[in-house]
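S.K.: got a sequence here, can you model it:
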Amino acid sequence: MRSLLRAALLAFMALASSTGGGARAQDLTWTLVEAQEPPGSPGRLYPFFAANRDLAFEGYVEQEFLVSGQATPLSSAYGAVPGERALPSGLAKRFKTRVLVRRPERPEHFNGVIVIEWLNASNGFDADNVWLALQDHLVEAGYAWVGVSAQGFGGVEALRVWSPARYGDLRIENGGAMAQEPLSLDIFRQIAAELRRGEPSGLQPRAVIAAGQSQAANWLATYINGGLAHARTIDGFLLVSATSAKIDPATPAPVLRIVAEGDAAGPDAENQPNDSVRFRQWEIAGTSHVDRHLRAAREPVQLRDLGTSVQAAIAPKCEIAAIGTATSAYMVEGAGLDRLVIWSQGGPPPPSAPRLARQMDREGHLERNALGLALGGVRLPDVSAPVGLNVGKNGGVAACGAQGYYQPFSLARLRALYPTAEAYRRAVEHSIRENVAAGFISSQDGELIQRAADEASW
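M.R.: Numbering: from 1, shown residues only. Next up is the predicted model:
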């Protein structure tokens, strides 16, 4: 368990001054909606994408709230560039959405930090991708997590179809496309502000950290670039696999952007700011936009609630059917979150990381070693002491590109790289020490990696 991490966060934050609550949000109405049947029941009278774990056993509760109020449409477009401020573009409009809360049942087990996730709607339904990747870390460290259905198209509209009985009166007016959501930024801002004030569960946070993956991370970049971060309702931003949105270096709240190898290639990849007083970018070698860890966490929930499977639907259409990289990117994301919290409270920033090595061409191809592994970036044991090939991009139908692939090395190649299993274990141990010392993974996760390596034999 991560009791030491929880204690360290609490101790640091007790010394830190609050960053303030910013302007008071418009009053929102929060209505608790109990689950009327277990997840997976045919009536669908339970929260969509309810947690796939025994939270009660772990001292956590899951609650779903329907939240209504008025939101101001803002002019800032999805993917807004730095300096493109979000300005009111019309009269306030009524909205009603849902907010999912997973928090420690007992206040003394709360580490003082709320992670508010902009749920990802890019697949036509709400997905809690940050939670799915980091759920073990969040629970063990005592975080509270809040997922917000901030979008109409692909968000609350899909929820209405999925369960009219539970979600039939949800509404977020939009332009009929994922990039046309004029109310979303203000909805997210208001909910974050109310979380800071103790809504809906009475938690009194010392820090509120916004997080999002993929399209949701790009929306958070729009939030930052649009100037909403200046309201100081959010203390820091964790952007995971935001594809091409450039971040305003003048943001008042610290931003940690974590980039998968599969998202780092391309002509726009280098069009990003250098690390600065309030910005860090970590690029992880050997990682795909959707890796095996995320897919393994999401697949049973998606099968339960939608009856669909990415593995079954996409893998046969990809050039390499072994979709998803096996690199432990979620460990970097967890360590990054902890460091972002400390940074947001006036502590030291996360370390700077080398960027992935790029070829000097228009396509922004990545440089690779003789094994085919990308060079540069954060280098976990999966790429610095590899037993297989992790590549962030795949070929085939469009959806394959985000999956990447993993191919284990042959026994002959393993023996050429590591004459003995002990030599492999020493290589892994060396990589772990480097990554823990740099702050890219925790010592606890390093121990998990080492235990797996210790079981290797050939």
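S.K.: lowest average confidence, helix or strand, in this structure?
M.R.: In the chain, no helix or strand scores lower on mean pLDDT, DSSP states H and E than helix 3-15, which sits at a mean of 50.
S.K.: buried sites along the helix or strand following it?
M.R.: Using DSSP states H and E, the helix or strand that follows helix 3-15 towards the C-terminus is strand 29-33. Buried residues in strand 29-33, counted by 16 or more other Cβ atoms under 10 Å: Trp30. Every C-beta, even on glycine, is put in place using the N, C-alpha and C of the backbone.
S.K.: outline the domain layout of the protein.
M.R.: Using automatic domain parsing, the domain ranges for the chain come out as 1-253, 285-327+351-458.
S.K.: these two touch, right, Val115 and Pro205?
M.R.: No - assessed by Cβ atoms under 8 Å, Val115 is found out of contact with Pro205, at 9.9 Å.
S.K.: more neighbours: which of those two?
M.R.: Between Val115 and Pro205, counted using other Cβ atoms under 10 Å, Val115 has the larger neighbour count: 25 against 21.
S.K.: quick one: average confidence on the helix or strand encompassing that one?
M.R.: Element membership for Val115 (DSSP H and E) is strand 113-118. Per-residue pLDDT values across strand 113-118 average out to 99.
S.K.: in terms of secondary structure, what does the next helix or strand after it contact?
M.R.: Per DSSP H and E, the first helix or strand lying C-terminal to strand 113-118 is helix 129-141. Contacts defined by 3 or more Cβ pairs under 8 Å, 6 or more residues apart in numbering; DSSP states H and E place helix 129-141 against helix 3-15, strand 113-118, strand 144-148, strand 207-213, strand 236-240, helix 292-306, helix 329-344.
S.K.: 6 Å instead?
M.R.: strand 207-213, helix 292-306, helix 329-344 (3 or more Cβ pairs under 6 Å, 6 or more residues apart in numbering; DSSP states H and E).
S.K.: wouldn't Ala399 be in contact with Ile314 here?
M.R.: Yes - taking Cβ atoms under 6 Å as the definition, Ala399 is a contact partner of Ile314 at 5.1 Å.
S.K.: so between the two, which is more surrounded?
M.R.: Neighbour count, other Cβ under 10 Å: between Ala399 and Ile314, Ile314 has more, with 21 against 16.
S.K.: Gly90 - nearest residue in space that isn't next to it in sequence?
M.R.: Pro73 (4.5 Å; Cβ to Cβ, 6 or more residues apart in numbering).
S.K.: quick one: the one you found from Ala398, how far?
M.R.: 31 Å (Cβ to Cβ, to the nearest Å).
S.K.: okay, now the unreliable bits of the chain?
M.R.: In the predicted model of the chain, residues 1-26, 77, 79-80, 83, 178, 244, 266-271, 360-364 satisfy pLDDT under 70.
S.K.: now the strands: where do they sit in it?
M.R.: For the chain, applying DSSP state E gives strands covering 29-33, 60-71, 93-104, 113-118, 144-148, 207-213, 236-240, 255-260, 279-284, 388-391, 405-408.
S.K.: about what we covered before: between Pro73 and Ala398, who's got more neighbours?
M.R.: A count of neighbours by other Cβ under 10 Å puts Pro73 above the other of Pro73 and Ala398, at 20 against 8.
S.K.: isn't that one right next to Pro88, touching?
M.R.: No - between Pro73 and Pro88 there is no contact under Cβ under 6 Å: 7.0 Å.
S.K.: number of residues surrounding Arg433?
M.R.: 13.
S.K.: oh sorry, the question was meant for Ala229
M.R.: 26.
S.K.: next one: the one 5 residues further on
M.R.: Look at Ile234: counted by other Cβ under 10 Å, it has 28 neighbours.
S.K.: residue contacts, the residue nearest to it when sequence neighbours are not counted?
M.R.: Nearest residue to Ile234, sequence neighbours excluded (Cβ to Cβ, 6+ apart): Ala210, at 4.7 Å. Contact analysis of Ala210 by Cβ atoms under 6 Å, 6 or more residues apart in numbering lists Ile116, Leu220, Ile234, Phe237.
S.K.: by neighbours, which of the residues you listed wins?
M.R.: Leu220 leads the contacts of Ala210 on contacts (other Cβ under 10 Å) with 31 neighbours.
S.K.: that one and Ala211 touch, don't they?
M.R.: No - using Cβ under 6 Å, Leu220 is not in contact with Ala211, being 7.7 Å away.
S.K.: what sits against the spatially most central residue of the chain?
M.R.: When Cα atoms, centre = their mean is applied to the chain, the residue found nearest the centroid is Val130 (3.3 Å). Applying Cβ under 6 Å, 6+ apart to Val130 gives the contacts Glu117, Ala211, Gln213.
S.K.: same list, these, but as a markdown table with distance to Leu55 please.
M.R.: Converted to a markdown table, the contacts of Val130 look like this (distance: Cβ to Cβ, whole Å):
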| residue | distance to Leu55 |
| --- | --- |
| Glu117 | 16 |
| Ala211 | 19 |
| Gln213 | 21 |
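S.K.: nearest to Gly262, of the domains of the chain?
M.R.: Closest to Gly262 of these is domain 285-327+351-458 (Cβ to Cβ; 3.0 Å).
S.K.: quick one: the closest one to chain centroid distance?
M.R.: Computed by Cα atoms, centre = their mean, to the nearest Å, the chain-centroid distance of domain 285-327+351-458 equals 18 Å.
S.K.: buried ones in stretch 431-449?
M.R.: Ser431, Ile432, Asn435, Val436, Gly439, Phe440, Ile441, Ser442, Gln444, Asp445, Gly446, Ile449.
S.K.: any idea how far apart the tips of it sit?
M.R.: Across stretch 431-449, the terminal residues are separated by 10 Å (Cα to Cα, to the nearest Å).
S.K.: still on that earlier bit, buried by neighbour count, from the contacts of Val130: which ones?
M.R.: Buried among those (16+ other Cβ under 10 Å): Glu117, Ala211, Gln213.
S.K.: confirm for me that the second one is in contact with Leu239.
M.R.: No - the pair Ala211 and Leu239 fails to qualify as a contact (Cβ under 6 Å) at a distance of 7.8 Å.
S.K.: follow-up on the earlier one: and the buried residues of stretch 431-449, which of them are in helices?
M.R.: Among the buried residues of stretch 431-449, DSSP state H puts Ser431, Ile432, Asn435, Val436, Gln444, Asp445, Gly446, Ile449 in helices.
S.K.: and the furthest pair within the residues you listed?
M.R.: Between any two of those (Cβ to Cβ), the greatest distance is 16.0 Å, for Ser431 and Gln444.
S.K.: spatially nearest residue to Asn390, not counting backbone neighbours?
M.R.: Asn390 sits nearest to Gly286 (Cβ to Cβ, 6+ apart), 3.5 Å away.
S.K.: then Leu411?
M.R.: Leaving aside its chain neighbours, Leu411 sits nearest to Trp458 (6.0 Å; criterion: Cβ to Cβ, 6+ apart).
S.K.: look up how far Gly372 lies from that neighbour.
M.R.: 21 Å.
S.K.: Asn111 now?
M.R.: Taking Cβ to Cβ, one finds Asn111 at 41 Å from Gly372.
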